[in-house]
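S.K.: Structural data only, the sequence is not supplied:
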């Protein structure tokens with residue numbers, strides 16, 4: 001089983017930024033929405049441990065990672081994007097954080113997602129913790 005760990009480091013009114021490790025190795029960053037009561041499409045998901053697996057996304061046209069059994073939520077995935085307007089309650093992976101169009105962003109997201117999905121198999125555990 002592969003293990004993705006997401007440690008939240010900071011949050012603002014528009015996004016939460018985290019560091020990601022994969023199987024114990026530093027990997028990149030994650031951008032997701034801020035805490036908003038675990039509301040579908042606008043809130044980060046609760047901290048915890050989730051089962052996940054890869055799937056072929058028609059929406060993104062590439063392999064993404066779906067999280068399962070997220071309390072009160074559906075259709076949560078790790079996918080590519082740039083800033084908080086692209087999250088819809090999901091986790092956007094990137095190689096590093098930066099700024100795009102005046103917004104906090106994750107950079108090299110498509111490359112990061114490809115690297116991530118190449119690194120892991122189909123049996124994945126995702127741990128999300130708050131570290132701030």
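M.R.: Sure, I can see it. Computed from a predicted model, the values in this text were never measured in an experiment.

S.K.: Contacts only, for residue 77.
M.R.: 55, 57, 64-67, 90-91 (CB atoms under 8 Å, 6 or more residues apart in numbering). Where you see a C-beta, it was placed from the backbone N, CA and C, and this is true even at glycine.

S.K.: Generate TSV for those residues, with neighbour count, distance to residue 9 and pLDDT as supplementary columns.
M.R.: Below are the contacts of residue 77 laid out as TSV (neighbours: other CB atoms under 10 Å; distance: CB to CB, whole Å; pLDDT from 0 to 100):
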residue	neighbour count	distance to residue 9	pLDDT
55	13	28	97
57	16	27	94
64	21	23	98
65	25	21	98
66	19	24	97
67	22	20	97
90	25	18	96
91	27	14	98
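
S.K.: Among those, which one sits closest to residue 125?
M.R.: For the contacts of residue 77, the minimum distance to residue 125 (CB to CB) is 10.1 Å, reached by residue 67.

S.K.: Dead centre of this structure: give me the residue that sits there.
M.R.: Centroid check for the chain by CA atoms, centre = their mean gives residue 91 as the closest residue, at 2.4 Å.

S.K.: so what's the backbone phi/psi at residue 57?
M.R.: phi -90, psi 120 (degrees, to the nearest 10).

S.K.: This structure: helices as residue ranges?
M.R.: With helices called from DSSP state H, the chain shows them at 109-119.

S.K.: Sketch out the strands for it, chain order is fine.
M.R.: Secondary structure of the chain (DSSP state E): strands at 2-11, 16-22, 25-32, 48-57, 62-68, 76-79, 91-94, 96-100, 103-107, 124-130.

S.K.: which secondary structure elements does the fourth one contact?
M.R.: When you say that, I think you mean strand 48-57. strand 62-68, strand 76-79, strand 124-130 (3 or more CB pairs under 8 Å, 6 or more residues apart in numbering; DSSP states H and E).

S.K.: let's see it at 7 Å
M.R.: strand 62-68, strand 124-130 (3 or more CB pairs under 7 Å, 6 or more residues apart in numbering; DSSP states H and E).

S.K.: tell me the two of the contacts of residue 77 that are most distant?
M.R.: Using CB to CB, the pair of the contacts of residue 77 lying farthest apart is 55 and 91, separated by 14.4 Å.

S.K.: I'm done for today, thanks for sticking with me.
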